[in-house]
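Participant: Test case, fold it:
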Amino acid sequence: MWEKQERPEKKEKQEKLESKMKWMLLSTMIPMAILIIVLLIFFWHYTDKYNQLSNNLAVSTEYNANYRNSNNDMSFKDEVDMDIYYVSIGRKGRDGLPTEQVKKAIDTVEKLKKTTTKKESLRSLKYLTNYLDNLQKRMNQLVEIKDYEKRQEFMANNTEILTTLFEKEMQNYIYQEAAQLVEVESQLAGNVRLTILTMCAVILIATFILMRRSFRLTYSITKPISEILHNIKKVGKGEYKTINAVSADCIEIQELDSGTRKMAGRIEGLLENVRKEQEAQHMTELQLIQAQVNPHFLYNTLDTIVWLVEGGMEQDAVDMITSLSVFFRTSLSKGKDIIPLSEEERHTLSYLEIQQSRYRDILEFEIRIPKELESVMVPKLTLQPLAENALYHGIKNKRGKGKILIEGFDLGDDMMLRVTDNGQGMTPQRLHEVQEAIQTGERAGFGLAAVSERIALYYGPGYGLKISSVEGEGTVMEVYMAKRIKES
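Facilitator: Residues are numbered from 1 along each chain as shown. Sure, this is the predicted structure:
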């Protein structure tokens, strides 16, 4: 069945409508969510840093005299110096040393190291650790001194100096952390403003992008659907050939368009097949009638016979009459349209013998049909029109003698009949016209389209006539047929 050929469509990336909508939302929301998360991470980072600095200041102020005195409480230096003094004057023994306070201070400094990031502050903590370690050593050395005066001198030159250095370095640490706290607080405030502005901008941009994509998605759906509806209206009016492919990037719409065009193509194909079958049948009948009763061929042959008799060439006249009898007997074939290939060969042979008597100076021919193909049933008037075409459009237009060669080839389940002439040939333009006529079934002046159409009608798609020609060298006509014919 002939079916309308669909135009090659432009390949586009196709997606399901549901997937497109999901992608539209995700491609807009995910970047916005990622940006907000990044901003919140930065915000959390500065907040955490601010809390650490605040905690460092809160812890370190417990060991600074300026902050402790404001609460009417003793500082770390005053408490340690007093305990050491009592030990040095003998009021307290070794157990009276402020060992626990110093150890607690060391632990506090170690904790501060874990939450301190500024280089200057870390250096201060390192100094504080050294001061506290030396303070522990000097306290132990103090109790080993027996002389009162030496203990007082040792205390003034060692422990008191160490506690003073500790207090000053602690003040330096607090200053560094306080300065960093002010800086982080300023950054935090700026980041809060930046976060708010950025989130507002992101929301506006995301809303704009989402609306733009929504409009584009809506247009990509409504436009092809409108075109498909327009095509359906054309089908309703019987305008099948003006249906164009609809471009869409949605699988559902593409399938809808494809189904609509296939439906229209099949409807048109069915109607076209009915029309072509009627035309093919009518054309075949006309060709058969024309071939069976060709008055010009008959008149010319009879004139040639009369000329032969008048010229005293009775035997040639008898041979020509015999060939004419075989020609017409084969043409009639008892009303059959399907005959063995051997009969078609005899019919063509009688035709060429008659024509050779008329054009003996310019015509030679040879027929090579394998024996195994002679019993194959073929449509009547398959070879003879090709031989006639080779004679009148090839050999007669050539200067000098020409030759027509008819061959048969066994192709397994198929076979091929070839008619070759070394006549004038065809120009490329004329060859193109003939080939187009064979493809479309239109008359091109040679009658070859009728032969090809009858072959395709009997054997189906893929079978028929192929022609090639070179101007000045000749023409080759090949008929491809199956060995089993669909006589129905």
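Participant: Next SSE downstream of the strand or helix carrying Glu153?
Facilitator: According to DSSP states H and E, Glu153 maps onto helix 148-154. Per DSSP H and E, helix 148-154 leads on to helix 160-236 as the next helix or strand towards the C-terminus.
Participant: for that following helix, what is the average pLDDT?
Facilitator: For helix 160-236, the mean pLDDT works out to 79.
Participant: Can you spell out which helices and strands pack onto it?
Facilitator: helix 17-60, helix 76-88, helix 119-144, helix 251-292 (3 or more CB pairs under 8 Å, 6 or more residues apart in numbering; DSSP states H and E). (Each C-beta comes from the backbone N, C-alpha and C, glycine too.)
Participant: quick one, that helix and helix 76-88 angle?
Facilitator: Comparing the axes of helix 160-236 and helix 76-88 via axes from the mean of the first three to the mean of the last three CA atoms, to 10 degrees yields an angle of 150 degrees.
Participant: quick one, what contacts the residue nearest to Ile174 when sequence neighbours are not counted?
Facilitator: Excluding its sequence neighbours, the residue lying closest to Ile174 (CB to CB, 6 or more residues apart in numbering) is Ser60, at 5.1 Å. By CB atoms under 8 Å, 6 or more residues apart in numbering, the contact set of Ser60 is 112, 170, 173-174, 177.
Participant: from the residues you listed, which is closest to Thr260?
Facilitator: Glu177 (76.4 Å; CB to CB).
Participant: any idea which element Met415 lies in?
Facilitator: Per DSSP H and E: strand 414-421 holds Met415.
Participant: Show me what counts as buried in that strand.
Facilitator: Along strand 414-421, these residues count as buried under the neighbour rule (16 or more other CB atoms under 10 Å): 415, 417-421.
Participant: Mind telling me what element Leu405 is part of?
Facilitator: Per DSSP H and E, Leu405 falls inside strand 402-411.
Participant: all strands for the stretch 301-450 of the chain, in order.
Facilitator: For the stretch 301-450 of the chain, applying DSSP state E, counting those that start in this stretch gives strands covering 338-340, 363-368, 377-379, 402-411, 414-421.
Participant: want to throw these into a markdown table with mean pLDDT and distance to Met82?
Facilitator: As requested, the strands of the stretch 301-450 of the chain are exported to a markdown table (pLDDT from 0 to 100; distance: least, CB to CB, whole Å):
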| stretch | mean pLDDT | distance to Met82 |
| --- | --- | --- |
| strand 338-340 | 87 | 135 |
| strand 363-368 | 91 | 136 |
| strand 377-379 | 89 | 133 |
| strand 402-411 | 93 | 123 |
| strand 414-421 | 94 | 122 |
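Participant: Make a markdown table from the ones you listed and add distance to Arg212 to it.
Facilitator: Shown next, in a markdown table, are these (distance: least, CB to CB, whole Å):
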| stretch | distance to Arg212 |
| --- | --- |
| strand 338-340 | 69 |
| strand 363-368 | 75 |
| strand 377-379 | 66 |
| strand 402-411 | 63 |
| strand 414-421 | 61 |
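Participant: Nearest to Gly236, out of these?
Facilitator: With CB to CB as the criterion, Gly236 lies closest to strand 377-379 of these, at 40.1 Å.
Participant: Distance check, Glu364 against Ser258.
Facilitator: Applying CB to CB, to the nearest Å, the value for Glu364 to Ser258 is 57 Å.
Participant: With respect to Leu181, which of the buried residues of strand 414-421 is nearest?
Facilitator: Nearest to Leu181, judged by CB to CB, of the buried residues of strand 414-421 is Met415 at 101.4 Å.
Participant: Roughly how far does the closest one sit from Phe409?
Facilitator: 6 Å.
Participant: do Gln176 as well
Facilitator: Computed with CB to CB, the distance linking Gln176 and Phe409 is 104 Å.
Participant: Asn134 too?
Facilitator: 115 Å.
Participant: Then Thr348?
Facilitator: Applying CB to CB, the value for Thr348 to Phe409 is 16 Å.
Participant: the more surrounded of these two?
Facilitator: A count of neighbours by other CB atoms under 10 Å puts Thr348 above the other of Thr348 and Phe409, at 27 against 15.
Participant: show me where the stretch 301-450 of the chain has helices.
Facilitator: With DSSP state H, counting those that start in this stretch as the criterion, the stretch 301-450 of the chain has helices at 314-332, 341-358, 384-390, 428-440, 448-459.
Participant: okay if I get the ones you listed as a markdown table plus mean pLDDT?
Facilitator: Listed next are these as a markdown table, based on pLDDT from 0 to 100:
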| stretch | mean pLDDT |
| --- | --- |
| helix 314-332 | 73 |
| helix 341-358 | 86 |
| helix 384-390 | 88 |
| helix 428-440 | 87 |
| helix 448-459 | 81 |
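Participant: closest to Asp81 out of those helices?
Facilitator: helix 428-440 (117.0 Å).
Participant: what comes up buried for that closest one?
Facilitator: Those would be 430-431, 433-435, 437-438, for helix 428-440 by 16+ other CB under 10 Å.
Participant: Just name the closest of those to Ala33, please.
Facilitator: For those, the minimum distance to Ala33 (CB to CB) is 64.5 Å, reached by Gln435.
Participant: What residues does the residue lying closest to Thr163 once chain neighbours are set aside make contact with?
Facilitator: Leaving aside its sequence neighbours, Thr163 sits nearest to Lys77 (CB to CB, 6+ apart; 4.4 Å). For Lys77, the contact set (CB under 8 Å, 6+ apart) comprises 65, 163-164, 166-167.
Participant: One more: Met29?
Facilitator: Neighbours of Met29 in contact, by CB under 8 Å, 6+ apart: Ala206.
Participant: Equivalent analysis for Pro224, please.
Facilitator: When contacts are counted by CB under 8 Å, 6+ apart, Pro224 touches 246-248, 250, 253, 257.
Participant: go again using 7 Å as the cut-off
Facilitator: Pro224 is in contact with 246-248, 253, 257, counting by CB atoms under 7 Å, 6 or more residues apart in numbering.
Participant: Flag the least confident of those.
Facilitator: Ala248 (66).
Participant: Got phi/psi on Gly464?
Facilitator: Backbone torsions of Gly464, given as degrees, to the nearest 10, read phi 150, psi -160.
Participant: Within the sheet, what are the partner strands of the strand holding Met415, with directions?
Facilitator: Using DSSP bridges, strand 414-421 pairs in its sheet with strand 402-411 (antiparallel), strand 474-482 (antiparallel).
Participant: Flag every buried residue along the first one.
Facilitator: Which is strand 402-411. Neighbour-count burial for strand 402-411 [16+ other CB under 10 Å]: 402-406, 408.
Participant: circling back to that earlier point, give me the contact list for the helix holding Glu153.
Facilitator: Applying CB under 7 Å, 6+ apart, the external contacts of helix 148-154 come out as 88, 142, 145.
Participant: do stretch 206-213 as well
Facilitator: With CB under 7 Å, 6+ apart as the criterion, stretch 206-213 contacts 24, 28, 32.
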